Every structure is written in C-alpha cells, then in structure tokens.
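Peer 1: Take this sequence and fold it.
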Amino acid sequence: MKDTTLILALLLCFSLSAQNHSHTGSGAIFFPDIPGYKTLKADLHQHTVFSDGYVWPTIRVMEALRDSLDVISLTEHLEYQPHKVDIPHPDRNRSYELALQEAKEHDLMIINGSEITRSAPVGHSNAVFITDANELLHDKPEDAFSAAREQGAFVFWNHPAWYPQSETGNPILSDFQKERMKNGELHGIEVINMVDYSEEALALALEHNLTIMATSDIHGLIDWDYHEKGHARPVTLVFAKERSVESLKEALFAGRTVATYDNLLVGKEEFLNPLIKASVEIMKVGYIGNTSVLEVKLKNSSSNKLIFENAMDFSFYNHSPVFEIESGETITLQIKTLEKRKHIDLKLKALKAYSAPKKQQVVDWKIPIE
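Peer 2: Numbering: from 1, shown residues only. Model prediction:
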C-alpha cells in the first residue's frame, strides 16, 4: 500500500511538473524594445563537438531557450577540427542542421555560421548568414572571406584583443583586416568576448564603423562558465525592425546593436540612450505634502542591474549620489528641487554604460509633474 501511494505521489508530481514546464530559466535575459525597433537577444559565437566544443548542438538550443534568447549561431571552426577522429563529418553544415531541427518547434532563430580560423595577423572571424559552410574552406584566407561575401555573409572579427594573437592584449589592426573592410568583407568586431571587454576594440569599432558585438564563445556549458558564477552570458542586443532573420541581418549590417555582459552596456549613443531610457519606467512623480522634495518612483524593466550617478544640479534627500536598481526592482528617489516645479529633467549618468572608451552615458528623462 505504501509503495502504491508513493508511485501515485510521484506520478502526480510528474504531471504537475509537465503542466508547468517552461524552457525559460531563472536567469533569463530580457530587455525592452526601443522606439521603432524590436530588441533581439543574440549570441552568434558558440561551439559544439563539431569543432572544439564539448556538447552536442541540441544542448546549445536548450541553453538558449532557457536564457530566453531570440537567435543563436553555432560557429564551428572550419579549419580546426580536434574531434574529427571520433566525430568525422565531411559536411561543415551538420552542427547547424542539428540545431535547426531541435529548434523547429520553438521560437528560436538558428543562423548558419562558421569561424574562419587562422593565425595572426589574419586571426579568427565569424561569418554568419552563410548558405554553405563547405564553400568557405580555402587554403588562402582571403578566398574564404571572398566566398563568405558571395553568400551575403555578415562577418565579424573575433576576440581581437586575445593575447595569443596580441602580446599586449590590445587589438592589432593589420593590413589584412584593412583590406577586408575595404572589400566589404568585414562588418563587425567583438567588443566583449567571454568575460573580456576591450576598450581598444570599441575604439576600432567607432573609428571604422564596425558593428559592436558581444558573444559567449562558449565551448563547455553556459551553466559552468556563466550561471554558476552569477552572470548571464554575454549577448548582442540587436535592434531590428521586426522579429525575423531578414530584419536581424539588416540591423547587424546597419550597426544597430548594444553589447552587454555583467551589467555592462556598450554601444553607440544613438542606441544606448533609448535602451537605458526604455529600461527605466517612471512609475510615480509627486511632491511630499507641502514640501519641495519631489518623489520619483523608478522601476528597472531589464535583466541588468542598473547603476546610476546623479548628474542633476539638484541633490537627493534620501540617497547618496550613486545608487543601484536591481533587475525588476522599484526604488523611490527624493529630489530637493528647492521650489515646486511643473516638470523636472531627471539626469542620470549610467556608470556601466559606455558609448566610447571612458565615456559613460548620461540619460535625461523630461518628466511632467502634476
């Protein structure tokens, strides 16, 4: 009788679990849309056992669904195949095909991509939106980039500050990269790769109008490298006209992105500013009784912790000049306006938001006061 009761209880728990099943995990990444665009969360640099990674492609799909991503690309090394004795595969598209099959019943876009892997000064680059990875296999690297261009690929420079390619830890812009940009064969650059943020890569992106990217470059498990260390994975926020592969590609070529990792936001001011503004909801505004102390209630609607510094002429009554708003948290600022006003320009410096090296973004909300 006890065994029967136990079995029934287990079946009930399984049934309830199945009914409440969700792919989204507790560490899901979320950011609001900005005016005129959908905010798509993309990780376009990942590996599996079909190059030098340690997991099957289906795992990458499951991780992306749990993290609430919109799009991923499994960019296997074309030339570097350390598992080929155990997993021989003449077709370099196989990883993509397996991921595509796994994701077919889910709302996740899978982009075909590959990593062109060469030693310095060529370095590593990802070509995404390709049609056939096999056609990118060439002895000469310039032929590989040319083949990617013929397929309409978006190509970005991977981990340009990676120390095996640069002893100083700073990107080295070689004649090869300059020629690729001139030929329309290099369009973006990783400003954030894994846990590393490169100010010098950001400077190159701004100087040469390269799309600003952030990627996990994951080889093991996302849990091991990020979640267990208390961080969501790096992602590129892409501001697309609609949620589609075509619109995603257009937005990447147009450079409408912000890179994010560990509460850091890096991007051009024209996209960084509206993203921060959209991430902060103004919930309530009003004076305390007959005083000239104004209360402004703010809610963080992004998955990042936002860190601000007061950039107004007015000081705070109840906060230090620097304050944090955790994801989903609501706080109330008390601002000493000295006299009652009909509107206020809430001006805050976002301390982990960079529109250029060392340049933190200052955001201004014009708020009417009833």
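
Peer 1: okay, which residue is most central for the protein?
Peer 2: For the chain, the residue nearest the mean C-alpha position is V235 (1.6 Å; C-alpha atoms, centre = their mean).

Peer 1: That one and L44 touch, don't they?
Peer 2: No. Contact criterion C-beta atoms under 8 Å: V235 and L44 do not qualify, at 9.1 Å. Placement of C-beta: from N, CA and C, glycine included.

Peer 1: okay, and the common contacts of those two?
Peer 2: Between them, V235 and L44 share these contacting residues under C-beta atoms under 8 Å, 6 or more residues apart in numbering: T215.

Peer 1: re the thing from before, and for the residue nearest to the centre of the chain, nearest residue in space, chain neighbours not counted?
Peer 2: K41 (4.9 Å; C-beta to C-beta, 6 or more residues apart in numbering).

Peer 1: which residues does that neighbour contact?
Peer 2: I29, F30, F31, D67, S68, L69, D70, V71, V235, T236, L237, V238.

Peer 1: List buried residues within those.
Peer 2: Buried by 16 or more other C-beta atoms under 10 Å: I29, F30, F31, D67, S68, L69, D70, V71, V235, T236, L237, V238, out of these.

Peer 1: Keep only those of those that are in strands.
Peer 2: V71, V235, T236, L237, V238 (DSSP state E).

Peer 1: Read off the pLDDT value for the last one.
Peer 2: As summarised for this prediction, V238 has a pLDDT of 98.

Peer 1: And the second one, by the same measure?
Peer 2: Per-residue confidence at V235 stands at 98 (pLDDT).

Peer 1: ditto for the first one
Peer 2: We note a pLDDT of 98 for V71 in this prediction.

Peer 1: check contacts around the closest residue to it other than its chain neighbours.
Peer 2: Spatially, and ignoring its direct neighbours in sequence, V71 is nearest to M109 (4.0 Å; C-beta to C-beta, 6+ apart). Residues in contact with M109 (C-beta under 8 Å, 6+ apart) are D70, V71, I72, A103, V245, L248.

Peer 1: Distance to A205 for these - can I get that in TSV?
Peer 2: Shown next, in TSV, are the contacts of M109 (distance: C-beta to C-beta, whole Å):
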residue	distance to A205
D70	22
V71	20
I72	22
A103	30
V245	24
L248	19
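
Peer 1: Find the pair from those with maximum spatial separation.
Peer 2: A103 and L248 (14.7 Å; C-beta to C-beta).

Peer 1: neighbour-wise, which of these two wins?
Peer 2: Per other C-beta atoms under 10 Å, whichever of A103 and L248 has more neighbours is L248, with 26 against 20.

Peer 1: Pretty sure V71 is one of the things that one touches, is it not?
Peer 2: Yes. Contact criterion C-beta under 8 Å: L248 and V71 qualify, at 6.1 Å.
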